[in-house]
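K.L.:
Structural data only, the sequence is not supplied:
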């Protein structure tokens, strides 16, 4: 079956947001558009550039009027609540913004202001998930008018997996199933799961699941190995054995977000990562962005 596939396009990567006061880099991040049309990015960071995931305890925040214009301005750090803070994901429930993050357990914060600057901790729950099935890198996807899905990275026995949970209020979540699993003999199966940074979006009448397939220590090529799986069912993207024919597409980016600008009808992709040899965009430590085409 033939269908359009995403390809990196445009003039190449350029910096979208580079923290200066609130952190030394941006890793896993989330980009959202507020009601006034302002774009916001929130991402993992810490004060210094050396790799130390245990020191990542708040998010940096940048904002800008356009994805195609210059770099975003830096705002204040958010969710500085004294615990590890990884992989934020945001959604608007009709009254306020909800942020979910990990990795130690599912955590939530809420924001009532239009600038998305002031966040407070909130209660949330997750039920029915098998041990180690839902660990980190959560991503919220709006399924319909009444429900949201939460995709996250975890394990299923000796295999890596992407789990999917469902909620009607963005606070209380129920495990549904493993949306993607790898086989035990797949090429990468570290103890913390190789199916990192899941991201789901719609295009061409189907659902696309993107993962960064990495062990985090295999060099730049592996660190940026992005696989995309296509499905008619948002709850089931199949099984990955390592066969190169199984992903619907493959890109070179890390912990990426896929963004559609409703004003211009253009698609964009972001990339980020630990500074140093693993990720070198235009400015090290930044969230980088470039256009995405469909061929």
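P.N.:
In hand now; what should we look at? Because the structure is predicted, anything quoted here is derived from the model rather than measured.
K.L.:
In contact with the nearest residue to residue 168 once chain neighbours are set aside, which residues are there?
P.N.:
The spatially closest residue to residue 168, leaving aside those adjacent along the chain, is residue 147, at 5.5 Å (C-beta to C-beta, 6 or more residues apart in numbering). Quick note: C-beta positions are derived from backbone N, CA and C, even for glycine. Each residue near residue 147 by C-beta atoms under 8 Å, 6 or more residues apart in numbering is listed here: 166-168.
K.L.:
neighbour-wise, which of the residues you listed leads?
P.N.:
In terms of neighbours by other C-beta atoms under 10 Å, these top out with residue 167 at 22 neighbours.
K.L.:
Look up how far residue 61 lies from the closest residue in space to that one that isn't next to it in sequence.
P.N.:
Closest residue in space to residue 167, ignoring its immediate chain neighbours: residue 173 at 4.6 Å, by C-beta to C-beta, 6+ apart. Using C-beta to C-beta, to the nearest Å, one gets 24 Å for the distance from residue 173 to residue 61.
K.L.:
And the next helix or strand past the helix or strand bottoming out on mean pLDDT in the chain?
P.N.:
Lowest mean confidence among the helices and strands of the chain (mean pLDDT, DSSP states H and E): helix 220-223, at a mean of 86. Note on helix 220-223: by DSSP states H and E, the next helix or strand toward the C-terminus is strand 225-231.
K.L.:
low-scoring stretches of the stretch 51-200 of the chain, by residue?
P.N.:
By pLDDT under 70, the low-scoring segments of the stretch 51-200 of the chain are 135.
K.L.:
Spell out, range by range, the strands that occur in it.
P.N.:
Taking DSSP state E, counting those that start in this stretch as the test, the strands found in the stretch 51-200 of the chain are 58-64, 73-74, 86-92, 97-102, 107-111, 120-122, 125-127, 136-142, 148-156, 159-167, 172-182, 195-203.
K.L.:
could these go into TSV alongside distance to residue 264?
P.N.:
Listed next are the strands of the stretch 51-200 of the chain as TSV, based on distance: least, C-beta to C-beta, whole Å:
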stretch	distance to residue 264
strand 58-64	14
strand 73-74	21
strand 86-92	21
strand 97-102	24
strand 107-111	27
strand 120-122	34
strand 125-127	37
strand 136-142	21
strand 148-156	26
strand 159-167	30
strand 172-182	31
strand 195-203	16
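K.L.:
Indicate which one of the ones you listed is closest to residue 40.
P.N.:
Each of the strands of the stretch 51-200 of the chain has some distance to residue 40 by C-beta to C-beta; the shortest is strand 58-64, at 4.9 Å.
K.L.:
elements contacting the closest one?
P.N.:
With contacts taken as 3 or more C-beta pairs under 8 Å, 6 or more residues apart in numbering; DSSP states H and E, strand 58-64 sits against strand 14-17, strand 39-45, strand 73-74.
K.L.:
Just say which of those strands is most tucked in.
P.N.:
Of all the helices and strands packed on strand 58-64, strand 39-45 carries the top mean neighbour count, a mean of 26, counting by mean count of other C-beta atoms under 10 Å.
K.L.:
and the residue nearest the centre of the chain, how far is that from residue 92?
P.N.:
In the chain, the residue lying closest to the centroid (C-alpha atoms, centre = their mean) is residue 197, at 4.9 Å. Note on residue 197: its distance to residue 92, by C-beta to C-beta, is 22 Å.
K.L.:
who's in contact with residue 188?
P.N.:
160, 182, 194, 213-215, 218, 222.
K.L.:
my bad, should have said residue 55
P.N.:
Per C-beta under 8 Å, 6+ apart, neighbours of residue 55: 46-48.
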